[in-house]
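Engineer: Any chance you could fold what I've pasted below:
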Amino acid sequence: RSPPRRAPPPRSPSAPPRPREHTGRPQGRARSARGPSDPAMEPPPAGEATPSSSMARHKTIDAAGVATDVVLTGFSDAHMVVITQIGRPGTLLRVTQEPRAMGGVAFEVSVVMGRRDDPLLAVYARQVAEMLARGGRDPKPLLLAVGLRSDAQARGRDAMAAALAAVAEMV
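Structural biologist: Residues are numbered from 1 along each chain as shown. All right, here's what the predicted structure looks like:
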């Protein structure tokens, strides 16, 4: 049996913080040294490139009445596009380009994680890859994260057409 715990003595406001005892349970959200007022933590204004890279672009659009964020980022080994209405990436798809013997390009789409039962996501991934190829981007693999709301309006053809149009503008 362990001895009863005593309350720690009161500390002065100028004293350094005490280290927290690890109990094996989560202690709450991790906190960054930067606060919410730090400009580096705030998202860039809609439609402007992020200051850290000229290859990253962010745009918030109204897709059939649903606020949709579209982000296009270029990495050294891949392109990444995020289309989300839920503030999270959702399903992650990978699209690779393979040249055909008779000319042209074949796009191979695979689901990395997320919903594997939605064939429309593969169609959207192929359309984004074709836009990047037509836009003169390097033939690097594409990672597409699609997070759509589950209601019919958000997943409708008009909503995705608006999101794809935003990608085309950013390419």
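Engineer: Show me what the helix of greatest length in the chain packs onto, helices and strands only.
Structural biologist: Criterion DSSP state H: the longest helix present in the chain is helix 119-134. Contact partners of helix 119-134 among helices and strands, from 3 or more CB pairs under 8 Å, 6 or more residues apart in numbering; DSSP states H and E: strand 79-84, strand 91-99, strand 105-113, strand 142-147, helix 157-170. For every residue, glycine as well, the C-beta is placed using N, CA and C.
Engineer: which stretch among these comes nearest A63?
Structural biologist: helix 157-170 (3.9 Å; CB to CB).
Engineer: Could you list the buried residues of that closest one?
Structural biologist: Neighbour-count burial for helix 157-170, counted by 16 or more other CB atoms under 10 Å, picks out 159-160, 162-164, 166-167, 170.
Engineer: Let me see the contact set for A106.
Structural biologist: Contacts here follow CB atoms under 8 Å, 6 or more residues apart in numbering; on that basis A106 touches 97-100.
Engineer: ok, how many other residues are close to the residue nearest to A162 when sequence neighbours are not counted?
Structural biologist: Once flanking residues are discounted, A162 sits nearest to A63: 3.9 Å by CB to CB, 6 or more residues apart in numbering. When neighbours are defined as other CB atoms under 10 Å, A63 has 25 of them.
Engineer: pLDDT at A63, what is it?
Structural biologist: Predicted confidence (pLDDT) for A63: 84.
Engineer: So it sits against A165, correct?
Structural biologist: No: when contacts are counted by CB atoms under 8 Å, A63 is not listed as touching A165 (9.1 Å).
Engineer: Nearest to L142 among the contacts of A106?
Structural biologist: Q97 (8.4 Å).
Engineer: what bridges to the residue nearest to A162?
Structural biologist: Beta-bridge partners of A63, counted by DSSP bridges, are V66.
Engineer: show me what contacts it?
Structural biologist: 85, 154, 158-160, 162-163.
Engineer: burial measure for V128, as a count.
Structural biologist: V128, neighbours per other CB under 10 Å, totals 25.
Engineer: how close does it sit to V70?
Structural biologist: Plainly put, V128 is 10 Å away from V70 if you go by CB to CB, to the nearest Å.
Engineer: what number of residues lie near S76?
Structural biologist: 7.
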